[in-house]
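Peer 1: need a structure here:
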Amino acid sequence: MKISTKQLVFMALLTSISIILTRVASLRISFAGVEGIRIGLGDLPIIMSGMMLGPLSGGLVGAVSDIIGYFINPMGAYMPHFTFVKALTGIIPGIMIAINGKGYKNPLYLGWIVFITQLVTSTILTPYFLQVIFGIPMKVTILPRAMALIMYTFAFPFIMHTLLNRMSLMNFCRNTLSAK
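Peer 2: Now for the predicted structure:
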């Protein structure tokens, strides 16, 4: 897959927005000195990159934002497990849009994309890795993450639909995807 300069710049923009929203503008709750829950809008640019530019670009934005974000503001040792989770946060929406190409026009489908993505990555995989790596029981982190999942499922589609319509990002998306 060839990535155009326009796509690369847009991916860098979404990566930087994700880093800022994740590392600066989010609520963090720690368990036993380890960040157990982070509630914020940091996954929104990653999900949008997967939707607009495809699964590969979404995965790159997720992985790069996690790696660079770690070096800017580390919260303990680097764990590649969480980079994998962030990459999946961009890959899953890209695959779902590839399956149903016109789903971005429907806020309910956007909600479905966010729900599936956050269910797999934030609600299941992240608590699993926290339990395996740090010994934090999943039952401690599942309930707050499930509440965050409900919040994300309603808030993210509204924000994405508004951004995609107001800023004509879908025209950019159509142009870059058709250039592939």
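
Peer 1: show me where this structure has its strands.
Peer 2: Listed in chain order, the strands of the chain (DSSP state E) span residues 26-31, 34-40.

Peer 1: the longest one - what's its average pLDDT?
Peer 2: In this case it means strand 34-40. Model confidence over strand 34-40, given as mean pLDDT, is 66.

Peer 1: and the end-to-end length of stretch 108-128?
Peer 2: This stretch, stretch 108-128, spans 28 Å end to end (C-alpha to C-alpha, to the nearest Å).

Peer 1: for that stretch, which positions count as buried?
Peer 2: Of the residues in stretch 108-128, those with enough neighbours to count as buried (16 or more other C-beta atoms under 10 Å) are 109-115, 117-119, 121-127. All C-beta atoms are positioned from the backbone trio N, CA, C, and that covers glycine.

Peer 1: skipping adjacent residues, who's closest to the residue nearest the centre of the chain in space?
Peer 2: The central residue of the chain, meaning the one whose C-alpha is nearest the mean C-alpha position (C-alpha atoms, centre = their mean), is Asp43 at 3.0 Å. Of all residues not flanking Asp43 in the chain, Thr89 sits nearest, at 5.3 Å (C-beta to C-beta, 6 or more residues apart in numbering).

Peer 1: so that neighbour makes contact with Ile46?
Peer 2: Yes: between Thr89 and Ile46 a contact is recorded at 4.7 Å, counting by C-beta atoms under 8 Å.

Peer 1: with only the CA atoms kept, save stretch 81-99 in CSV.
Peer 2: The C-alpha coordinates for stretch 81-99 follow below in CSV (Å, rounded to 0.1, in the frame of the first residue of the first chain):
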residue,chain,number,x,y,z
HIS,A,81,1.0,-5.3,24.9
PHE,A,82,-0.6,-1.9,25.2
THR,A,83,0.9,-0.7,21.9
PHE,A,84,-0.8,-3.7,20.3
VAL,A,85,-4.1,-2.7,21.9
LYS,A,86,-3.8,0.8,20.5
ALA,A,87,-3.0,-0.5,17.1
LEU,A,88,-6.1,-2.7,17.2
THR,A,89,-8.1,0.5,18.2
GLY,A,90,-7.3,1.8,14.7
ILE,A,91,-7.4,-1.6,12.8
ILE,A,92,-10.9,-2.7,13.9
PRO,A,93,-12.8,0.4,12.7
GLY,A,94,-10.9,0.3,9.4
ILE,A,95,-12.0,-3.3,8.8
MET,A,96,-15.6,-2.5,9.8
ILE,A,97,-15.7,0.4,7.3
ALA,A,98,-14.2,-1.8,4.6
ILE,A,99,-17.0,-4.3,5.2
